[in-house]
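K.L.:
Quick one: sequence plus predicted model below, questions after.
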Amino acid sequence: STATHLWQVDSDMSWNPEAILEMLLKDKEFIGGIGRKKIDEETYAGEELLTPNGEIIGQLGKAEEDVIIRMRTLGGAFTLKKRSVFDKLAKKFVSLKGMIGDAEGYAFYSCNYYRTGMRTEDYVICDLCDEVGVEVWCMPNIELGHKGYKNFQGNYFKYLKGLKEQEIPEITR
């Protein structure tokens, strides 16, 4: 393919239509929204990258609501990756190349199983990206729905703002 980006969205997600354009305008190699997990307790599928002082690493836009946050891991249910991400991964991880039917492909999205548990494909690709220097970013101010036995609607930015002040680290530039 000659595509410049890969937009991945799970079939059980809902979102505001302008979100994809807003992610494109952020011009990051790997960016996504962060949806709620399908459990009643409000939790989200990702882990922020923190400074040694425990501060969230982010970039502020014109307004606080335009912040983007560096992530260590990000659930893959709503992500946008530039072609350059896959070019870097293919160059570094030649051993992940193989045949899928009649076509060549790469096992960038695989699950790793350990005695202590499983690392799912969306976190595995974040690990691989970290190894090749691709930064993972989150645009937290997106309303995302995640359908399960009910619709788990959430906005990570509003969630972070709603936490007690002493519990959330400051965002640094």
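P.N.:
Nice, thanks for sending it over.

K.L.:
quick one: contacts of the longest strand along the chain?
P.N.:
In the chain, assigned by DSSP state E, the strand with the most residues is strand 68-74. Strand 68-74 is contacted by residues 26, 28, 30-32, 34, 45-49, 56-59, 61, 122-123, 126-127, 130, 135-140, 171 when judged by C-beta atoms under 8 Å, 6 or more residues apart in numbering. Every C-beta, even on glycine, is put in place using the N, C-alpha and C of the backbone.

K.L.:
How is Ser95 assigned, secondary-structure-wise?
P.N.:
The local conformation at Ser95, judged by DSSP: H, G, I helix; E, B strand; the rest coil, is helix.

K.L.:
Leaving out chain neighbours, which residue sits closest to the residue nearest the centre of the chain?
P.N.:
Central residue of the chain (C-alpha atoms, centre = their mean): Leu74, 3.2 Å from the mean position. For Leu74, ignoring the flanking residues on the chain, the nearest one in space by C-beta to C-beta, 6 or more residues apart in numbering is Gly46 at 4.4 Å.

K.L.:
before we move on, back to that, among the contacts of strand 68-74, which ones are in strands?
P.N.:
Per DSSP E, the contacts of strand 68-74 map to strands at 30-32, 46-48, 56-59, 136-138, 171.

K.L.:
who wins for neighbours among those residues?
P.N.:
Gly32 (31 neighbours; other C-beta atoms under 10 Å).
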